[in-house]
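[1] For reference, the sequence and a predicted model appear below.
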Amino acid sequence: LSIQYFNQVIKAKPWMAEPYFYRAVAKLNLDDFQGAEEDCTLSLERNPFLAQAYYARGIARQSLEKYAGAIEDYTKGLEFKPGDRAMMSNKAIAYVQKKDFTDAEQVFEELIRAHPKQSLGYLTRAAMYLEKGDTAKALSDYDRAIALDSFYAPCYANRALTLYQSGRYAEALKDLDQAIRLNTREPGYYINRGLVRYELNDLRGAMADYDQVIEMDADNRIARFNRGLLRAQEGDVEDTRIHFIGDELIAGYGDGRALGWTGRVMARTRGVDAITFMLTVPRETTAQLAERWQSEVARRSLPGGINRLVVGIGTADVAARISPARSRLSVANILDKAADEHRSCFVVGPPPLPSVNPDATAALSRAVGEVCARRGIPFVDTFEPLRNHEQWMNDVTAAGRDHPGQAGYGLLAWLVLHRGWYEWLGVEQPD
């Protein structure tokens, strides 16, 4: 649509430079690099002082592997915008792509002098040193980049790769742990940590990382391939323990069949030879759960095995008038400590109960969902699907208003099974 708009402007005012430039930018966004180059040229014919047009044409030419032309464009653009960080960086990279490392290094030096407090110059120059095979200088630049910006995950992730290639696996693991703490949604970090853990003979940890990637992206071929190789080498994962923690709903309180949603879910789960543990305390708040879960789960965990954690959030926080912010903090503490112990987590939110304030329960559910989303952890929202569900409400009311009966637990199980359970375990969903 933006291209059509600029077509109309160009038709009405063909002497103006800006519409050609903006159409070029739109074409860059569509990966039409040839069209972008042509539009930038038309723009510059009308206004040869438009620095951004040189920059955009440089990007187009660089993408078309016309490195010499791209360097000319960045050089011309820098005449009008001296010290522009993006143009200087792209110019240096174009020299690297030409294998002209001498000129590239000179531009990097200019970039770092112009922007001494920016990590990008060191980060991109480190990549050039790696291209040259100079690992020591690359690591030195990564160290400088981290010193300037200790909250930028790519600095740690890139340094980790260099350490990995140098056989310094323990140091690489520390960097990847930090990169993941800073950005939990980057699959590549987990894949690379899986490779490092494999070299450290932490095969279960490597498997957990590949599982995490597949939870985020079920079609990630690299993670599936690596996990398949690991399973072929070690055999399928039979040493799995699943720990369910939460309140009385985890235990299936009020279910005439004594299954609860957890028993129904496990009955429908195939392909995982797992021992399950129900570690529940009735009417427990998230703060109380955060205090006690680690020691109880630790005693039932298998060293060297796969230890998974299912967190069931009840409505005790609402009854205790605990704010969503405090609940969010407690849940975050649980999930972060579990991540430190390499436990893959799955979280089930609070269901609607007639005896509990619905607005407060909805706020609690949203808070827990936000915590999980930030960490890339599967979350099952049970509140919204069930708040107006006639069968659920009738079942809970008949059971006493503060817990479901058989039908209600069946509905909870259905939601869990159809909201990422099988993907989390890495098994096929039964027909």
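    All right, it came through fine.
[2] Show the pLDDT at the residue nearest the centre of the chain.
    In the chain, the centroid-proximal residue (Cα atoms, centre = their mean) is residue 185; its distance is 0.7 Å. Note on residue 185: pLDDT of 92.
[3] With the one 3 residues further on instead?
    We note a pLDDT of 96 for residue 188 in this prediction.
[4] got the CA coordinates for the host helix or strand of it in CSV?
    Assigning secondary structure by DSSP states H and E places residue 188 in helix 187-199. The C-alpha trace of helix 187-199 is given here as CSV (Å, rounded to 0.1, in the frame of the first residue of the first chain):
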residue,chain,number,x,y,z
PRO,A,187,16.2,-19.8,20.2
GLY,A,188,19.8,-19.6,18.9
TYR,A,189,21.1,-19.1,22.5
TYR,A,190,19.5,-22.3,23.7
ILE,A,191,20.7,-24.2,20.7
ASN,A,192,24.3,-23.0,21.2
ARG,A,193,24.1,-23.7,25.0
GLY,A,194,22.9,-27.2,24.1
LEU,A,195,26.1,-27.7,22.0
VAL,A,196,28.2,-26.4,24.9
ARG,A,197,26.5,-28.6,27.4
TYR,A,198,27.1,-31.6,25.1
GLU,A,199,30.8,-30.9,25.1
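[5] what's next to that helix, contact-wise?
    153, 157, 160-161, 164, 169, 172-173, 176-177, 179-180, 183, 203, 205-207, 209-210, 212-213, 216-217, 220, 222-223, 226, 230 (Cβ atoms under 8 Å, 6 or more residues apart in numbering). Bear in mind the C-beta positions are built from the backbone N, C-alpha and C, glycine included.
[6] Strands of the stretch 151-300 of the chain, start to end?
    Secondary structure of the stretch 151-300 of the chain, counting by DSSP state E, counting those that start in this stretch: strands at 240-246, 274-280.
[7] So the closest residue to residue 128 other than its chain neighbours versus residue 375, what's the distance?
    Closest residue in space to residue 128, ignoring its immediate chain neighbours: residue 96 at 4.9 Å, by Cβ to Cβ, 6 or more residues apart in numbering. Look at residue 96 and residue 375: by Cβ to Cβ, to the nearest Å, they are 36 Å apart.
[8] Kindly report the same for residue 360.
    Distance, residue 360 to residue 375, using Cβ to Cβ: 24 Å.
[9] ok, how many other residues are close to residue 85?
    14 (other Cβ atoms under 10 Å).
[10] Does it touch residue 116 like I think?
    No: using Cβ atoms under 8 Å as the test, residue 85 is too far from residue 116 to be in contact (11.6 Å).
[11] The residue nearest to residue 152 when sequence neighbours are not counted: what's it in contact with?
    Excluding the flanking residues, the one nearest residue 152 by Cβ to Cβ, 6+ apart is residue 119, at 6.0 Å. Shown in contact with residue 119 (Cβ under 8 Å, 6+ apart): 144, 145, 146, 148, 149, 152, 155.
[12] try residue 70
    Applying Cβ under 8 Å, 6+ apart, the residues near residue 70 are 57, 58, 59, 61, 62, 90, 91, 94.
[13] Need the pLDDT of the fourth one.
    Model confidence at residue 61, given as pLDDT, is 97.
[14] you'd agree it is up against residue 54?
    No: Residue 61 sits out of contact with residue 54 when judged by Cβ under 8 Å, with a separation of 10.3 Å.
[15] Find the residues that touch each one of these two.
    residue 73.
[16] Double-check residue 415 against residue 383; I have them as touching.
    No: Residue 415 is beyond contact range of residue 383, at 10.3 Å (criterion: Cβ under 8 Å).
[17] what residue ranges in this protein are flagged as low confidence?
    1, 232-239, 304 (pLDDT under 70).
[18] and with 50 instead?
    236-237 (pLDDT under 50).
[19] what separates the nearest residue to residue 284 once chain neighbours are set aside from residue 316, distance-wise?
    Of all residues not flanking residue 284 in the chain, residue 247 sits nearest, at 5.0 Å (Cβ to Cβ, 6+ apart). Using Cβ to Cβ, residue 247 is found at 6 Å from residue 316.
[20] Overlap in contacts, those two.
    Common neighbours of residue 247 and residue 316, using Cβ under 8 Å, 6+ apart, are 283, 284.
[21] Residue 337 versus residue 290, what's the distance?
    8 Å.
[22] how about residue 30, phi and psi?
    Note on residue 30: backbone dihedrals following degrees, to the nearest 10 are phi -100, psi 10.
[23] my read: residue 283 touches residue 247, true?
    Yes: shown here, residue 283 and residue 247 form a contact pair, counting by Cβ under 8 Å, at 6.2 Å.
[24] intersection of neighbour lists for the two?
    Shared contacts of residue 283 and residue 247 (Cβ under 8 Å, 6+ apart): 314, 316.
[25] between these two, which one's more packed in?
    Between residue 283 and residue 247, residue 247 has the larger neighbour count (other Cβ under 10 Å), namely 23 against 13.
[26] wait, what's in contact with the more buried one?
    280, 281, 282, 283, 284, 312, 314, 316.
[27] From the residues you listed, which land in helices?
    When DSSP state H is applied, those are split such that residue 316 fall in helices.
[28] Just the buried residues out of the contacts of residue 247, in PyMOL syntax.
    Command for PyMOL, covering only those of those found buried under the criterion 16 or more other Cβ atoms under 10 Å:
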select buried, resi 280+281+284+312+314+316
